[in-house]
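Enquirer: Next come a sequence and a model predicted from it.
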Amino acid sequence: MAERAFTVWLTGLSGSGKTTLANLLEPRLKQRGFRVQHIDGDIIRQDLTADLGFSREDRDKNISRAAFVAGLLTRNGVVVLASFISPYREARAKAREKIGAFVEVFVDCPLDVCVQRDVKGLYARARAGTITNFTGVSDPYEAPEHPEIAIRTDLERPAESVDHIIGVLEDLGYLTRPGLVAPHGGKLVDRLIPAAEHDSLRKSLQGGIEVSYQTAKEVENLATGIYSPLEGFLPQADYEKVLTEGRLADGTPWAIPLLLHVPSPAAQTPGLQGLVALTHQGKLVGTIEARESYQIDRERYAQCVYGTVDPAHPGVSRILKETEWVVAGPVSLIESLPTPYPSHRRTPRETRRIFTERGWKTVVAFQTRNAPHLGHEYLQKAALTVVDGLFINPVIGEKKVGDFEDDAIIAGYEAFLSHYLPPASALLGILEYEMKYAGPREAIHHAIMRQNFGCSHLIVGRDHAGVGSYYGAYDAQLIFDRYPDLGIRPIKFRSFYYCRKCLSVTNERVCPHGPEDHVNFSGTALRAQLMRGADEVAAAGISAAEATAEAPIRPEVLAAIRELPKAFVE
């Protein structure tokens, strides 16, 4: 996916270093192949806004005209570096709305340092009263509350500040680190509220929505960028397009609607408009800017997303139990709920940093809700022959009866990685997410999430994300043909089996032996193997090779899972 243009809006006091940073940033961006235009406040006032003074009204007009120009350039593929004092939050917010792809950089510097840097003597003249309406002296500067980037130019050298800006632009997805795929939609979302703002925010919130544990985790996934480019729960225009076309209203691929269900229309519920608290068991986890509410047809949702309205389908059963009313709007995360596996919890920013540190340019993701067996090992190692690294990303969360317990998945993979893959080749990271069992649509959803983690490929095997007989064996592979614009590509695997003559896991393309030598992987056999002790297997006269063929799982993995109270969801 090609990188898109954007505007970097540098705001701060006179003398804080805005122009200096823009002048250093410009050649760095040109080296990456961008067309770049620097719009400086002093230059603009010599021509485009020469008719304006320094009253609040004129300052707002000055920023409005500059934002208009920046927006035009940005929409036509030019990166804009805008260095303006722009002292008022409201004017900057309007500039953001007008431009769209807007990165606010707060060039923070104490007033006394700005005064020391003032070679023109402007601050001295303002304090003497010969210059009126001077920001920081006789007119206020309203510091940004949620800038994408904050720079302290009194504490670091200009080159360090520019490195900081470049790094955050990479984190946000505006710039691509060499070798890593860009986030889905071009920007990695970050909706985390700084800890210093938590207390004041709590006091300002009025109404609230109590959400389930899984919905709280969805808020976390939104805020940390796993669902980029989404910033919140879907508005109706996006919802309709996702149902009918598998895309957002702007054409961006998106296969499964993300909804916040509420008991009744927001307009009829006190406190359910504007900025609303999201709580779980009374604990404040985040907020939603409730912009609209609408009613959905749950059976239509089921038919479009799952391809069936059969309530025996676990995804259909779940949506039919939800309320018909939903609230839409951007969310922010205040505090994550505890995770049972903190050492394996990784955000997209963290995985992208780790991939880069390891020198991985191409990364294959392995989606799983199972403990590892030899079939999985076959897929993972085969994929590793054509990419730099493997990201094992098991789903942690509510699953259907008969699936592996989360503890079994994690214990199994910890044992597997300790014995059967080089440490530098693979990374384990959990995905706290509720399986939808939506087959082909969920395969696209899985791919998008892994692209945001920084993966270039996704392993897609037989009946990926399926359940029962609702989907064809390879429907989840075929659907990728409808999404050539995805930044992540599938590595497709056909059915595989254990061959008694090859003495390995293989498939029909490389194994010449007949069905009488093939052993298909059996969930029933695997369950039986996990429930039987090693002594019992030996007493039954089953050889190690036969045990491996019937329930192909590494002994270290088997031992780790057997130590747990239970292995399967009941």
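Expert: Noted; the coordinates are in hand. Numbering: from 1, shown residues only.

Enquirer: alpha carbons only for contacts and neighbour counts from here, please
Expert: Will do.

Enquirer: would residue 86 count as being in a helix?
Expert: No: counting by DSSP: H, G, I helix; E, B strand; the rest coil, residue 86 is located in no helix; its state is coil.

Enquirer: Let me know whether it touches residue 18 as I believe.
Expert: No: with contact defined as CA atoms under 8 Å, residue 86 does not reach residue 18; the gap is 11.3 Å.

Enquirer: So those two - more neighbours on which side?
Expert: Under the criterion of other CA atoms under 10 Å, the comparison of residue 86 against residue 18 puts residue 18 first, with 28 against 24.

Enquirer: Now that one. Its backbone dihedrals?
Expert: Taking degrees, to the nearest 10, you get phi -60, psi -50 for the backbone angles of residue 18.

Enquirer: Check residue 21 too.
Expert: When read as degrees, to the nearest 10, the backbone of residue 21 gives phi -70, psi -40.

Enquirer: Could you pull out the residues contacting both of residue 86 and residue 18?
Expert: 11-12 (CA atoms under 8 Å, 6 or more residues apart in numbering).

Enquirer: Next, the contact list for residue 77, please.
Expert: So residue 77 contacts 4-5, 35 (CA under 8 Å, 6+ apart).

Enquirer: What of residue 236?
Expert: 294, 328.

Enquirer: do that again at 7 Å, thanks
Expert: Contacts for residue 236 (CA atoms under 7 Å, 6 or more residues apart in numbering) come out as residue 294.

Enquirer: thinking again about what came up before, what about the contacts of residue 77, which are in strands?
Expert: Per DSSP state E, strands hold the following members of those: residue 35.

Enquirer: now the strands: where do they sit in the stretch 351-500 of the chain?
Expert: For the stretch 351-500 of the chain, applying DSSP state E, counting those that start in this stretch gives strands covering 363-368, 389-396, 426-428, 431-432, 457-460, 489-492, 496-499.

Enquirer: most tightly surrounded among the ones you listed?
Expert: strand 363-368 (a mean of 26; mean count of other CA atoms under 10 Å).

Enquirer: That one - contacts with which helices or strands?
Expert: strand 389-396, strand 457-460 (3 or more CA pairs under 7 Å, 6 or more residues apart in numbering; DSSP states H and E).

Enquirer: I figured residue 18 hits residue 107, correct?
Expert: Yes: between residue 18 and residue 107 a contact is recorded at 6.3 Å, counting by CA atoms under 7 Å.

Enquirer: who touches both of these two?
Expert: Common contacts of residue 18 and residue 107 (CA under 7 Å, 6+ apart): 10-12.

Enquirer: hang on, the earlier thing: any idea which of the strands of the stretch 351-500 of the chain gets closest to residue 254?
Expert: strand 489-492 (15.0 Å; CA to CA).

Enquirer: That closest one pairs with which strands?
Expert: strand 457-460 (parallel) (DSSP bridges).

Enquirer: what stretches of the stretch 151-300 of the chain score poorly on pLDDT?
Expert: Across the stretch 151-300 of the chain, the ranges flagged by pLDDT under 70 are 177-178, 206, 266-272.

Enquirer: residue boundaries of the strands in it?
Expert: Counting by DSSP E, counting those that start in this stretch, the stretch 151-300 of the chain has strands at residues 208-210, 232-233, 260-262, 274-280, 283-290, 292-295.

Enquirer: ok, now how distant is residue 53 from residue 289?
Expert: 36 Å (CA to CA, to the nearest Å).

Enquirer: With neighbour numbers in mind, choose between those two.
Expert: Set residue 53 next to residue 289 and count neighbours by other CA under 10 Å: residue 289 wins out with 19 against 14.
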